[in-house]
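**Student:** here are the coordinates; sequence isn't available:
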């Protein structure tokens, strides 16, 4: 009789992917362990039937000791994560137990935006980078900004959800950015913010992402391209992913897949479900914005992509970590748009009309992850979103149109702050 697999997670996303991957394991009778820093903050429906081990997941020594302890009680067959911040930690733990997975350097190169740029440059793929530099002082930033040219993008090396990603149009704005963000020294996970700010040439072009899946030791499979939609017009923050549609049949899909595949190979990202963001310049060049060696977040990878392709991304993530041979067949099941649920103004979050939204045509999933009583505001980054709504359509245009109709019915109540 075959042994039931034991799958361990180093932290878990609470915005879609965490629920679907753990549900996948639960439905197949897999043993599940979750190593996490704050067990009391994990949703009850996520940790049902899960062995939860409280440990400081930012402390590699403490995490390894906890992993070895559990491994001695019930041998672990796979270690993975759905939490963006802990991809390197999961890779390191898998490596220590000699389990399938990408290497620690590969995971770290994807997680750290500056390291990713350096490795692409070193591997002869600098044409996929915008002009960039890491500035350690405001004087250095001002000097290098003149070389890059305004406008430029300033960002933190190891944050996520577009936190600290700002378009800077002048030296005075760069000084303000430096002053505003230099005191941001700790991420929400307790991990330290890497010192210095990454300055990048602003790429003025449409934004997309390539979704791929790869079994351990297998060939990479392209699931498709996601388009970032201009959902709010000029009133929206350009770096908040308020609305995304999958798939988008762009003319340069094959070129993007080829170049991004070269980039993933160069970084050593050789397995898992991967989300790579890029823009296309006016001259048709592909420029990589970020390489994320994990499933696309906020219900894109966990809900929209499976709806449109028939591919069980949660299962692919888990089975890749187990070293299972993946048999991926991408079907044309239409399209899906994800829309951010957000406060109309600053205040204290009280409710969203979830039941009404679920009754709207095409809406098949609504997830609210912000607790009632949370401070809320009109989104400046993805971190300000209160939840997501996923809407299906026959194609991209239909999904967007249906999503807009549902979005207009959204009601978010906030009390004055």
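**Tutor:** It's in. Everything numeric in this text was worked out from a predicted model, so none of it was measured. Numbers count the residues shown, from 1 in each chain.
**Student:** now residue 38: how far from residue 365?
**Tutor:** Using CB to CB, to the nearest Å, one gets 26 Å for the distance from residue 38 to residue 365. The way it works is simple: take the backbone N, C-alpha and C, and place the C-beta from them, glycine included.
**Student:** More neighbours: these two, which one.
**Tutor:** Between residue 38 and residue 365, counted using other CB atoms under 10 Å, residue 365 has the larger neighbour count: 19 against 11.
**Student:** separation between the more buried one and residue 227?
**Tutor:** As defined by CB to CB, residue 365 lies at a distance of 19 Å from residue 227.
**Student:** Residue 99 too?
**Tutor:** Residue 99 is 35 Å from residue 227, where distance means CB to CB.
**Student:** any chance you could map the strands in the stretch 151-300 of the chain?
**Tutor:** For the stretch 151-300 of the chain, the strands identified by DSSP state E, counting those that start in this stretch occupy 152-155, 166-168, 197-201, 207-214, 220-228, 243-246, 272-280, 286-292, in order along the chain.
**Student:** Of all the ones you listed, which one is nearest residue 114?
**Tutor:** Taking CB to CB as the criterion, strand 197-201 is the member of those that comes nearest to residue 114, at 5.1 Å.
**Student:** what packs against that closest one?
**Tutor:** In terms of contacts (3 or more CB pairs under 8 Å, 6 or more residues apart in numbering; DSSP states H and E), strand 197-201 is packed against helix 113-122, strand 132-135, helix 138-148, strand 152-155, helix 171-181.
**Student:** Need the ones you listed in CSV (columns: mean neighbour count, mean pLDDT and distance to residue 211).
**Tutor:** Below are the helices and strands packed on strand 197-201 laid out as CSV (neighbours: other CB atoms under 10 Å; pLDDT from 0 to 100; distance: least, CB to CB, whole Å):
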stretch, mean neighbour count, mean pLDDT, distance to residue 211
helix 113-122, 19, 98, 18
strand 132-135, 20, 97, 25
helix 138-148, 15, 97, 30
strand 152-155, 22, 96, 22
helix 171-181, 15, 96, 30
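**Student:** quick one, which of those is nearest to residue 303?
**Tutor:** With CB to CB, the closest approach to residue 303 among the helices and strands packed on strand 197-201 belongs to helix 113-122: 26.1 Å.
**Student:** what's in contact with that closest one?
**Tutor:** By CB atoms under 8 Å, 6 or more residues apart in numbering, the list of residues contacting helix 113-122 from outside reads 108-110, 126, 128-129, 132, 134, 155-158, 194, 196, 198, 263, 266-267, 288, 290-291.
**Student:** Drop anything exposed from the residues you listed.
**Tutor:** The neighbour-count test (16 or more other CB atoms under 10 Å) marks 108-110, 128-129, 132, 134, 155-158, 194, 196, 198, 263, 266-267, 288, 290-291 as buried among those.
**Student:** how about CSV for the helices and strands packed on strand 197-201, with distance to residue 399 added?
**Tutor:** Compiled in CSV, the helices and strands packed on strand 197-201 are given as follows (distance: least, CB to CB, whole Å):
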stretch, distance to residue 399
helix 113-122, 30
strand 132-135, 34
helix 138-148, 37
strand 152-155, 29
helix 171-181, 35
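**Student:** Which one, of those, ends up nearest to residue 60?
**Tutor:** Using CB to CB and comparing those, the one that lies nearest residue 60 is helix 113-122, at 17.4 Å.
**Student:** what ranges do the strands span in the stretch 301-417 of the chain?
**Tutor:** Assigned by DSSP E, counting those that start in this stretch, the strands in the stretch 301-417 of the chain fall at 335-341, 347-352, 363-368, 375-376, 387-393, 412-415.
**Student:** Quick one: closest of those to residue 148.
**Tutor:** Distance to residue 148, taken as CB to CB, is lowest for strand 335-341 among the strands of the stretch 301-417 of the chain, at 30.1 Å.
**Student:** so what's the backbone phi/psi at the residue nearest to residue 356 when sequence neighbours are not counted?
**Tutor:** The shortest distance from residue 356 to any residue other than its chain neighbours is 6.3 Å, reached at residue 409 (CB to CB, 6 or more residues apart in numbering). With angles defined as degrees, to the nearest 10, residue 409 shows backbone torsions of phi -90, psi 0.
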